[in-house]
Structures are given as structure tokens and as C-alpha cells.
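In: Here you go, sequence then predicted model.
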Amino acid sequence: MTGEKWGQPNHGADLLSDLGTKISEWVASADDWAKWKVNDHPGLYVVKMPAKKETPAHGALEINPADQFGNPTKRRGIYIRSLAEMQDVANLFGGKIPKAITTLCDAVFDENAAPQTPDPDALVIA
């Protein structure tokens, strides 16, 4: 999936499945609180949330303003754990969530994603 942009030949349900399995495998192998920068969306990261009590480790999205180099400007951003939370944040600003971000949310929050070998380079969405 490296180098592919959404909207090119690999799209739709297959892309969501590939993205979900990529994220699922990354969550399984990454350290707690590890961040994965989302290309083409400065300030958006996939973060591995640590396991606690009955809840297993899982992925979340972090929204954190980026500087001119794409690095986060705050120590901690806003953590989003569901598409409903993402919609609530968007509603605060009267905005609509872009389709690419909605698809990323679906992949991150998909509990049934099958493991796949992660690509260490980057997570590319457009």
C-alpha cells in the first residue's frame, strides 16, 4: 500500500480492509503511545492507546496542530476514539468530516481488522 493514494485503483471496501489490517498489525507491534503520522493530513496521527483493566490496546486518532515541518506543536492533542467523537469535534466548528478522514476513522476503529505485516514507511491517505 506504500505510495498509493486513495481514489486510485485500490479503493472502496478493499482499501478499508487493507488499511484496517495495517493499523491493527501496527497497534499489535508498536509501543504504548507510539504515534504514526498520517501523510497528506498534517496534525493527524494514529496513536497506540495502552491496554488497561478490561480494555485491550487499541488505536485512536490524535488531532494536534502541526508546524511548518509537520511536527506536533502541542505535547498532547485531542484524542478521538470513535467516529461519533470525531463528528462531535467537527460539529463544534460547524464542519463536515472529509471522506478520507471518515474512512481512516472506520479503519482505526474497526474491531474486526485482521492482522497484516505493517509497512514501516507511512500511512498514506488523500
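Out: Thanks, I have it.
In: after the longest helix anywhere in the chain, next one along is what?
Out: Among all segments of the chain classified by DSSP state H, the helix with the greatest residue count is helix 13-29. Once helix 13-29 ends, the next helix or strand along the chain (criterion: DSSP states H and E) is strand 35-39.
In: What ranges does the chain have for its helices?
Out: Remark: helices of the chain, listed N- to C-terminal, are 13-29, 83-92, 99-108; assignment by DSSP H.
In: what mean pLDDT does the second one have?
Out: This means helix 83-92. Confidence for helix 83-92, expressed as mean pLDDT, is 87.
In: Which secondary structure elements does that helix sit against?
Out: In this structure, helix 83-92 packs against strand 78-80, helix 99-108, with contacts taken as 3 or more Cβ pairs under 8 Å, 6 or more residues apart in numbering; DSSP states H and E. No exception for glycine: its C-beta is placed from N, CA and C like everyone else's.
In: ok, now the last one?
Out: Under the contact criterion of 3+ Cβ pairs under 8 Å, 6+ apart, the helices and strands touching helix 99-108 comprise helix 13-29, strand 44-49, strand 58-63, helix 83-92.
In: what about residue 92, neighbour count?
Out: Under the neighbour criterion other Cβ atoms under 10 Å, residue 92 is assigned a count of 8.
In: So it versus residue 64, what's the distance?
Out: With distances defined as Cβ to Cβ, to the nearest Å, the gap from residue 92 to residue 64 amounts to 16 Å.
In: Next one: the residue most central in space within the chain from residue 20, what distance?
Out: What sits nearest the mean C-alpha location of the chain, by Cα atoms, centre = their mean, is residue 46, with 3.9 Å. In this structure, residue 46 and residue 20 are separated by 11 Å, where distance is defined by Cβ to Cβ.
In: which residues touch residue 65?
Out: In this structure, residue 65 makes contact with 43, 72, 73, 74, 77, judged by Cβ atoms under 8 Å, 6 or more residues apart in numbering.
In: Which residues are in contact with the fourth one?
Out: Meaning residue 74. Neighbouring residues of residue 74 by Cβ under 8 Å, 6+ apart: 64, 65.
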